[in-house]
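# coords please:
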Amino acid sequence: MDNSVLEIKIQYSDLFEYSLDFIFIIDLTGNILDVNNVAVETLGYSKKEILSKNITEIIIEEVVNPIKNTSKELLDIGRISKYNIYVLEKKDGERIYLESHGIPLRENGEINTILGIGHDITEMKKTEQVLKEQREEFYWLNTIITLGNESTSLQEFLIKSFDQVLDIVGFDRGGVYLYNPGTHHHILVHHKNVHPDFIAAVEDVNISEGIFNKIFDKDKPFYIEDFSEFMKGSKELGVYSAVIIPLHSKDQYVGSLNIGSPVHQVLSQNELELLVAIGKQMEIIIQKFESEKLLKESEENYRLISENANDLISVFNDKFNFEYINENLHKNLMGYSNNDLIGKNGIILIHPDDQKIVLQALKKLIATGEGLAVARIRHKNGSYIWTETKGKTFQDTEGKQKILMVTRDITERKLAEQNLKESEEKFRTLTDQSLMGIGILQDEILKYVNNRLANILGFTKEEMKEINFQQFLEMIHPDDRQKVKKQVQRRKDRTRDTITFYQFRAFKKAEELVWVEVYSKIINYEGKRASLLTFLDITDKKIAEIELKESEEKFRAITEQSFMSIMVIQDGVLKYFNERLPKSIGYSSEEIKKWVPNEFAKVIHPDYRDFVLKQAKKKQAGEVDVVNNYIYRSIRKDGTFGWVENFSKSINYGGRSADLVMSIDITDKIEAEQKLKESEEKFRNIAEQSFMGITIIQNGQLKYMNKAMSVISGYSGDEMLNWSEREISEWIYPEDLETVLNRLQTNIEGNMSQFSSKTFRIINRNGKVRWLEDYTTRILYEGKPANLISIVDITDKKEAEELIIEENKRLLELNDLRRDLITRVSHELKTPITSIYGAIQILLKIHIKELSTEMLKYVEMGHRGCLRLKELVDNLLDVSRLDAKKFQLELQKENLVEIIIDCANDMKYLSSNRQLIMDLDLPSESYLNIDKLRFRQVLTNIISNAIKNTPKEGKISINLAKKEDYIDIQIKDTGVGFTVKEKEKLFEKFGKIERYGMDLDVDIEGSGLGLFISKEIIELHGGQIFVESEGRNKGSTFTIRLFKK
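Numbers count the residues shown, from 1 in each chain. Below you'll find the model as predicted:
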C-alpha cells in the first residue's frame, strides 16, 4: 500500500474533514501543511493563518523540545509514536491540552511529512487540578479542626493555627491579634520572628482610625504585596509582603492572624481562597470556645440570679416533680424549704379549681416548649395566693427533658383587675349616656365605641366595631387625613410635639360631611397602652364660623378696596380701620394703633371738633337726635387741611355698641367747587368784554349769551334766551337751516365732537345777511353736558374771499393763455429758424471759400445766434409737452458708457476752447433701459453747463459707479459752484442763475430751462438728479441716479 500524502487525502478525505479529533499534517521542519475544521475552530485562527505557521508557534515554549524529541524518535523508529500531552495556545491566548500521537507519511519510500491526531483533554486537566487543590485544602482544613479539638483554650488554638498558616503560604513571621470591641483596639497576644521595633509599633493599635481603618477589611483576608506603602520602614524591620486573616465568632469580628515575609512574595488566587476557607473553619472553632465560655458563665449567672431573684424559680422533671427551687425565696413567699418540695409533685400545691387549667397549660408546654398559666397556689399555712407562671422546657447535659418555671405573686394585680372591672362597668355606664362620642383605639382597632360616636358617624355600634383604623382613616376628608394620621403616629411613637386636641372633617355613612373636635389621651386598657378618643360634633359651630369668616373676609375685602376711610370706634378707641385711613390723614397704621381713647380728635379742625365728639358721644349713648351725615374740616399729620364728609351708624361689635364710621375725603370736591365759582366769575368777565359772540346751548336751548352776541344778531339777550325752535329757525338763512338744525340735533343727542367749527349765514334784525363762523367745544354747565359756542362775524372776510377767488380764476386764465402763446410762438419760430439755420449751414459748408474774412465773421455770428435760438425753441417746446403731460419716452436697452463717451467727444470743441481737462472714469459697459436721445440731451446739458461755469484750465470729471440697485453717473467740475439759495432754485422752470457783474470767467448765457427739463426727463425714467456744492468757487457735482428696476 502506497502511503503517500496524496493517496491518504483521497482515501481518507471524509475522515479528515469530519473527524471529531484534532488532525494536522506537518513537514519535517514543523511547518503546518494542512489541518481539519476541528483544529481551525478550536484554535480560533483562520485556516489560512494556521497554514502560515510552524507547529512550534502554537505550542507553548515548555513543550517545544519534547515535541522535537518525539518527532526525532518517530523518524528513527519509522512508525506510529505513543500518545503524548501537549499544551497549545489559542489565538485569544487561552491554553488547551491536547493528547496526541504522530503517524509518519512516506512518499517514494521516504518519510517526508507527519500526520498528527489528537483530542482535546482541557476539561479533564482542569478537573484534575481542582481535585488536587481540594485535596490540599481538605488536608489543611482537617489539620485546623484537629488543632481545635486538641487545644484546651482559644489562645492555644490560635497560636498552633498560626504556625500552620505560616507553613501553608511559606511565610516565616507574624502575630496573633485579639480585638476589644469596647476600645476598638487590636492587642498582640502572640508573635514569631518579629522585630522588636515592629512589635512596639503594632502591639496595641486602634483600628477604627489611621492606617488600619483605611487598609483593613474585617470580612476577608487582605493581601498586601508591599507593606511599606502603608508603613514606612517596614522592609528594614523585616516585613516586605503581608497577609491579614480576620477571625469571627457569630459574625462578630474577634481578631486576626497577621503573617509576613521579609522578601517580596506573591500569593496566587488559590492560596488566597484557601486562606478564606481556613479563616471560616477557624471561626467555627473560635465559636465553640466562645460557646463553652458562655455556657460556664451562664451556669454561674443562672445560680446567682435564681438565688437572688424576686420570683419563685423551680425545675421539674418530666413527671412534674420538683428537682430544684430557689429555697430562700420559697421560704419567704410560700413557707416551703427544699425538704418540703424536692421530689414532690407540683400539682398538690394548685387550687382544686385551677388544676384543670394548669394541666392543660402543661400539655401545651410539653408540646411547644413554652407555656403560661395563672392559678392559685397553696401557702404552707393553708392560704392561697394568685400567681402567674411562665414555663419553658430544656434538656440537661444528659439529654433528659426538664421544665423550668418562673412564678410571680400577682395577688395585688388580681385585686387591681377586679377594681378595674368595676371601674370599666362604671365607665361604660357613663359613656353610653354621654353626649360626646367616645372611642378607645388600640393596635389600630376601635376596641370600644359608645352610642354617641356611632351616631355622629352614622353607624351602629356593631358596625363601628367592624371598622379598623385604616377604614376609619378612609372616612376622614382627604385634606385632613394626613394630619390625623400624623398625630396618631406621633402618639404611637410618644413624641413630645404630639397634639392632643385637634379638629377634622369626616364622611358619615351616608357620605354627609361632619366636623368633629377630638381630644386624645393615653390610657391603659386591658393591660395594654391605648388611646382614649373623645369626639364632639362641631358641624353647626363650624358652619357658623365659616359663614362668619366669609362675612368678615367680604367686609375686609370691601373696606380695604374702598375709596372711603372706614373705622369702628368704641369707647373712643379705633377698634378697626382700613388702609385708606392712614393714607388720608398721614399717620401710619402703627401710630394710629397706639392712640389713647379720643386721641383721634386731633385730626379734626378745632372749629368742628366739639361738634364731631358730641355726635359720637350721643351715638354711643343711644340717643335719637344724632346727625349721621355731616362735613367737617380735618388736619393731616403734616399740618395741611382737608375736608371730610362723614357717615356713621351704630353697630354691635364684640357684644357692645360701637360706631361704624365711613369718611370720604372731599377736599378736591370743595376746592373744585370754589375754583368753579371763581372760574364762572372769570368766564362772565371775559365773555362780557369779548368782541366774539358767546353762547351756551344745552338740550337745544340757549342758556347764556353775551353782549357781543346781541350786537351780531341785533336782538337782546332777554329776547333770544326765550326763543322757541321756530324763532331760531327764522333767524337762520334758509339755505343753511338744515346744516344748523342737524348740529343742534347732534348737540341734543350728545354726539358732537369735543371741538368743531362751522360757517353759516343769518338774517339779522335789520334784514341783512351776515356770515358767521362758530367754534364749539363740549363743557359741563350746571353739572350737565352743554356746548360752549363762540361766534365771529366773518361777513367782511367772506366778501374778501370771494374777491380772491374771482382774481384766482382770472390768473389761471392768463396762465393758460401764456402757455398757449409760448407753444404757438415756439412752433411759429421753429420754421423760420430752421430755414435760417439751414441757409447758414450751406454758406459755411459749400460757399465758405467765397466769403471774405469780414463776411465769414458775420455768418459765424449768425450761426451761433441761430443755434442758441434753436435750443431755446426746443426747450420751450419740451416744457410745453411736459406741462401738457405729452412728453413720451422710447425706452430701449442701451450701453450708458457709449452714450457718455459720445457726449464727451461732442463737447471737446467747447472744452478745448476753454483749455479744460476732461477726465472720464468709466467701466467697459453698463446696460439699462433708457430713451437714448433724451438721455443724451440730459448729459449734453449738464456737461455743457459744467464747461460754461468752469474757468479756463479747470477740470471736469465724469464717472459711472454700479451699485446693487442703481447706477450713479457723476459730472464733477472745479467751477464757480453754487450757494445754498442758488441750489434751491437750480432745477426750477426758468431758474437761471444770474451772474452778470460778478467778474466770473464763465459763459453767462442760457434760458434757465435746461436743468428743469433734465430733471423731468430723469424722473420720467424713474431716477433722481441732485447737485452738491460746498459754495462759491468750490466746484459742483451733479449726480444722475438710475435704478435698475
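# let me know the pLDDT of the residue positioned nearest the centre of the chain.
The chain has Asp479 as the residue nearest its centroid, 28.4 Å off, counting by C-alpha atoms, centre = their mean. On pLDDT, Asp479 comes in at 88.
# ramachandran angles for it?
With angles defined as degrees, to the nearest 10, Asp479 shows backbone torsions of phi -70, psi -20.
# the residue nearest to it when sequence neighbours are not counted: what's it in contact with?
With sequence-adjacent residues excluded and distances taken as C-beta to C-beta, 6 or more residues apart in numbering, Asp479 is closest to Arg505, at 7.4 Å. (C-beta placed from N, C-alpha, C; glycine too.) Counting by C-beta atoms under 8 Å, 6 or more residues apart in numbering, Arg505 touches 476-477, 479-480, 513-516.
# same thing but at 10 Å, please
Listed by C-beta atoms under 10 Å, 6 or more residues apart in numbering, the contact set of Arg505 reads 475-481, 513-516, 539, 542.
# over to Gly783?
Leu676.
# shouldn't the residue nearest to Asp479 be within a strand?
Yes: per DSSP: H, G, I helix; E, B strand; the rest coil, Arg505 lies within a strand segment.
# any idea how far Asn193 is from it?
As defined by C-beta to C-beta, to the nearest Å, Arg505 lies at a distance of 81 Å from Asn193.
# can you check Thr495 too?
Applying C-beta to C-beta to Thr495 and Asn193 gives a distance of 60 Å.
# more neighbours, the two?
Using other C-beta atoms under 10 Å, the more surrounded residue of Thr495 and Asn193 is Asn193, with 13 against 10.
# related to what we said a few turns ago, give the bridge partners for the residue nearest to Asp479, please.
Trp515 (DSSP bridges).
# against Leu457, how distant is it?
Taken as C-beta to C-beta, the span from Arg505 to Leu457 is 12 Å.
# tell me, what's touching those two both at once?
Shared contacts of Arg505 and Leu457, counting by C-beta under 10 Å, 6+ apart, come down to 475, 514, 516.
# using JSON lines, please lay out those residues together with distance to Ile85, pLDDT and neighbour count.
Below are those laid out as JSON lines (distance: C-beta to C-beta, whole Å; pLDDT from 0 to 100; neighbours: other C-beta atoms under 10 Å):
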{"residue": "Met475", "distance to Ile85": "82", "pLDDT": "85", "neighbour count": "18"}
{"residue": "Val514", "distance to Ile85": "92", "pLDDT": "87", "neighbour count": "19"}
{"residue": "Val516", "distance to Ile85": "90", "pLDDT": "86", "neighbour count": "23"}
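# and the residue nearest to Asp479, how close does it get to Leu513?
6 Å.
# anything in contact with each of these two?
With C-beta under 10 Å, 6+ apart as the test, Arg505 and Leu513 both reach 477, 539, 542.
# just the buried ones from these, in PyMOL syntax?
To isolate the buried ones among the shared contacts of Arg505 and Leu513 in PyMOL, judged by 16 or more other C-beta atoms under 10 Å, type:
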select buried, resi 542
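# what is the distance between the helix or strand harbouring Thr776 and the centre of its chain?
For Thr776, the host element (DSSP states H and E) is strand 769-781. Centroid separation for strand 769-781 versus its chain: 64 Å, with C-alpha atoms, centre = their mean, to the nearest Å.
# mind giving me the packing neighbours of that strand?
Contacts defined by 3 or more C-beta pairs under 10 Å, 6 or more residues apart in numbering; DSSP states H and E place strand 769-781 against helix 667-689, strand 693-698, helix 707-713, helix 737-749, strand 755-763, strand 784-793, helix 795-845.
# mind putting the ones you listed into CSV with distance to Phe600 and mean pLDDT?
Shown next, in CSV, are those (distance: least, C-beta to C-beta, whole Å; pLDDT from 0 to 100):
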stretch, distance to Phe600, mean pLDDT
helix 667-689, 18, 77
strand 693-698, 45, 83
helix 707-713, 55, 84
helix 737-749, 50, 70
strand 755-763, 49, 76
strand 784-793, 39, 83
helix 795-845, 66, 71
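# which one of these lies closest to Glu984?
With C-beta to C-beta, the closest approach to Glu984 among those belongs to helix 795-845: 22.7 Å.
# in the stretch 101-250 of the chain, which spans are strands?
Remark: strands assigned in the stretch 101-250 of the chain by DSSP state E, counting those that start in this stretch are 110-120, 173-180, 185-192, 204-206, 222-224, 241-249.
# where among those is average confidence lowest?
Ranked by mean pLDDT, the strands of the stretch 101-250 of the chain bottom out at strand 204-206, which scores a mean of 76.
# in its sheet, what does it sit against?
Strand 204-206 has these strand partners (DSSP bridges): strand 185-192 (antiparallel).
# Ile694 is in contact with Ile791, correct?
Yes: using C-beta atoms under 10 Å, Ile791 is in contact with Ile694, at 7.4 Å.
# which residue ranges make up each domain of the protein?
What the record gives for the chain is the domain set 5-120, 129-292, 309-409, 418-538, 562-665, 671-793, 888-1043, from automatic domain parsing.
# how about TSV for those, with distance to Cys866 added?
Below are those laid out as TSV (distance: least, C-beta to C-beta, whole Å):
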stretch	distance to Cys866
domain 5-120	109
domain 129-292	121
domain 309-409	152
domain 418-538	112
domain 562-665	93
domain 671-793	59
domain 888-1043	14
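# quick check: which of those domains is nearest to Arg810?
domain 888-1043 (21.5 Å).
# out of the contacts of Arg505, which one sits closest to Gly148?
Distance to Gly148 across the contacts of Arg505 (C-beta to C-beta) is lowest for Arg481, with 61.2 Å.
# so where is the stretch 51-200 of the chain shaky, pLDDT-wise?
By pLDDT under 70, the low-scoring segments of the stretch 51-200 of the chain are 61-82, 129-141.
# show me where it has helices.
Assigned by DSSP state H, counting those that start in this stretch, the helices in the stretch 51-200 of the chain fall at 64-77, 122-150, 154-169, 196-202.
# about what we covered before: looking at the strands of the stretch 101-250 of the chain, which is closest to Gly642?
Counting by C-beta to C-beta, and looking across all of the strands of the stretch 101-250 of the chain, nearest comes strand 204-206 at 83.5 Å.
# once you drop chain neighbours, what's closest to Glu370?
Lys392 (5.4 Å).
# contact partners of the one helix or strand Lys447 maps to?
Lys447 belongs to strand 445-449 when assigned by DSSP H and E. Residues outside strand 445-449 that contact it (C-beta under 10 Å, 6+ apart) are 424, 427-428, 431, 437-442, 453, 457, 459-469, 471-472, 525-526, 528, 530-533, 535.
# same question for stretch 792-807.
With contacts defined as C-beta under 10 Å, 6+ apart, stretch 792-807 is touched by 691-693, 708, 711-713, 759, 761-762, 764, 768-775.
# if we can go back for a sec, just the buried members of the contacts of strand 445-449?
Buried among these by 16+ other C-beta under 10 Å: 427, 431, 437-442, 453, 457, 459, 464, 467, 472, 525, 530-533, 535.
# done for today, thanks.
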